[in-house]
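>>> pasting the sequence and the predicted coordinates here, then a few questions.
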Amino acid sequence: MNVFPRAPQLVSDHIHAAITRRPHERTGPFLAAFDPNTPDIWRNYAVPDDDAKPSRHDITNLIATFHHHDRIPRLEYVPTAAPEVEAALTEAGFTVEGRPPIMVSTPDVELTPREPTGITVEFATDDPQLLEAATVQHDAYRRPDPAGPREVARLNATVARGGLVAIARDTTSGTVVGTGLIDRTGPHKAVGELAAVAVLTHFRRRGIASAISVGLAKAAHRQGMRLVWLEAAPTEEQIYTRAGFITAGQKLWISLR
């Protein structure tokens with residue numbers, strides 16, 4: 001499988017599959033996912049069908065669906081898979097939040113992680129380890145509620161689908177200070193998403209995110225995943241570029257505030 005030319009479409013397929021395994025609704029040419037437990041914008045968003053050509057009526061209904069759930073109308077998708085959607089959304093008042101690069105690795109890509117002193121990266125498989133991972137995520141992303149059984153169940157589901165959860169442990173204290181995961185969802189079992197990379201504030205700028213990301217990608221390739229992809233926030237793109245990940249496309253974040 002020559003993944004580089006196909007990467008944007010493979011990522012789009014993955015995003016659609018991921019949204020269907022969460023509470024979601026169809027409204028016109030859109031699938032909208034809603035998390036009843038949090039208004040977090042990263043857990044509540046819609047994706048358009050491939051080649052969608054939404055009418056103003058479709059978009060009005062989409063907005064109403066979000067308002068019904070008391071959520072901000074928001075979409076995340078690969079614009080090349082639905083090139084006519086952005087113009088229709090901006091005409092309706094939506095504003096572009098960002099165009100994060102889609103960055104990828106394959107088994108043939110040479111990845112060169114940093115090697116932070118006093119840190120080991122291991123894979124979480126049992127509930128106590130997964131709770132440690134979830135706790136780091138909550139702290140790093142400043143979520144007000146403590147991590148608990150719901151988050152552990154979500155990470156267990158990731159592992160059950162053939163994904164991976166990594167934790168970085170400080171060898172002096174034994175504390176888990178970083179985490180990340182590979183989500184293996186959708187019609188292409190050889191595709192995995194690298195996501196939820198988080199490092200505690202006092203341990204940042206030491207190369208821990210790089211070590212976690214490359215460790216996960218290499219492990220995923222060993223398990224048969226031909227393409228590992230991620231979307232990089234503006235402050236993170238350099239981390240992945242230095243580690244060897246390659247830009248292969250772009251996502252769109254767009255919302256109505």
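Done, it's in.

>>> V197 belongs to a strand?
Yes - V197: assigned to a strand according to DSSP: H, G, I helix; E, B strand; the rest coil.

>>> ok, then the element right after the helix or strand in which T65 is found?
Using DSSP states H and E, T65 sits in helix 56-68. Helices and strands here follow DSSP H and E; after helix 56-68, the next one along the chain is strand 74-77.

>>> according to the record, where do the domains of this structure fall?
Here the domain assignment for the chain is 3-102, 107-225, based on automatic domain parsing.

>>> check the offset of the shortest one from the chain's centre.
Computed by Cα atoms, centre = their mean, to the nearest Å, the separation of domain 3-102 from the middle of its chain amounts to 14 Å.

>>> which residues sit in contact with K251?
Contact analysis of K251 by Cβ atoms under 8 Å, 6 or more residues apart in numbering lists 11, 76-79, 99-102, 231. Quick note: C-beta positions are derived from backbone N, CA and C, even for glycine.

>>> redo that, cut-off 6 Å
78, 100, 102, 231 (Cβ atoms under 6 Å, 6 or more residues apart in numbering).

>>> what segments of this protein are strands?
For the chain, the strands defined by DSSP state E cover 24-27, 30-33, 45-48, 74-77, 95-98, 101-105, 119-123, 164-170, 176-183, 191-199, 227-231, 246-250, 252-255.

>>> quick one: which of those is nearest T60?
For the strands of the chain, the distance to T60 is smallest for strand 24-27, at 9.9 Å, taking Cβ to Cβ.

>>> strands paired with the closest one, and their directions?
Strand 24-27 sits in its sheet next to strand 30-33 (antiparallel), going by DSSP bridges.

>>> can you list the neighbours in contact with the strand it pairs with?
Residues from elsewhere that reach strand 30-33, judged by Cβ under 6 Å, 6+ apart: 19, 22, 24-25, 46-48, 62, 65.

>>> got it, and stretch 114-128?
130, 133, 152, 164-169, 171-172, 206-208, 210-212, 215.

>>> got it, and stretch 222-242?
Outside stretch 222-242, the residues within contact range by Cβ under 6 Å, 6+ apart are 1, 3, 11, 100-106, 190-194, 209-210, 217, 220, 251.

>>> make a markdown table from the strands of the chain and add mean pLDDT to it.
Formatted as a markdown table, those follow (pLDDT from 0 to 100):
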| stretch | mean pLDDT |
| --- | --- |
| strand 24-27 | 96 |
| strand 30-33 | 98 |
| strand 45-48 | 98 |
| strand 74-77 | 98 |
| strand 95-98 | 97 |
| strand 101-105 | 96 |
| strand 119-123 | 97 |
| strand 164-170 | 98 |
| strand 176-183 | 97 |
| strand 191-199 | 95 |
| strand 227-231 | 96 |
| strand 246-250 | 94 |
| strand 252-255 | 98 |
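
>>> now render these as TSV, adding distance to T158.
Shown next, in TSV, are the strands of the chain (distance: least, Cβ to Cβ, whole Å):
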stretch	distance to T158
strand 24-27	18
strand 30-33	16
strand 45-48	19
strand 74-77	19
strand 95-98	25
strand 101-105	19
strand 119-123	12
strand 164-170	6
strand 176-183	6
strand 191-199	9
strand 227-231	14
strand 246-250	23
strand 252-255	23
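
>>> fine by me, thanks again.
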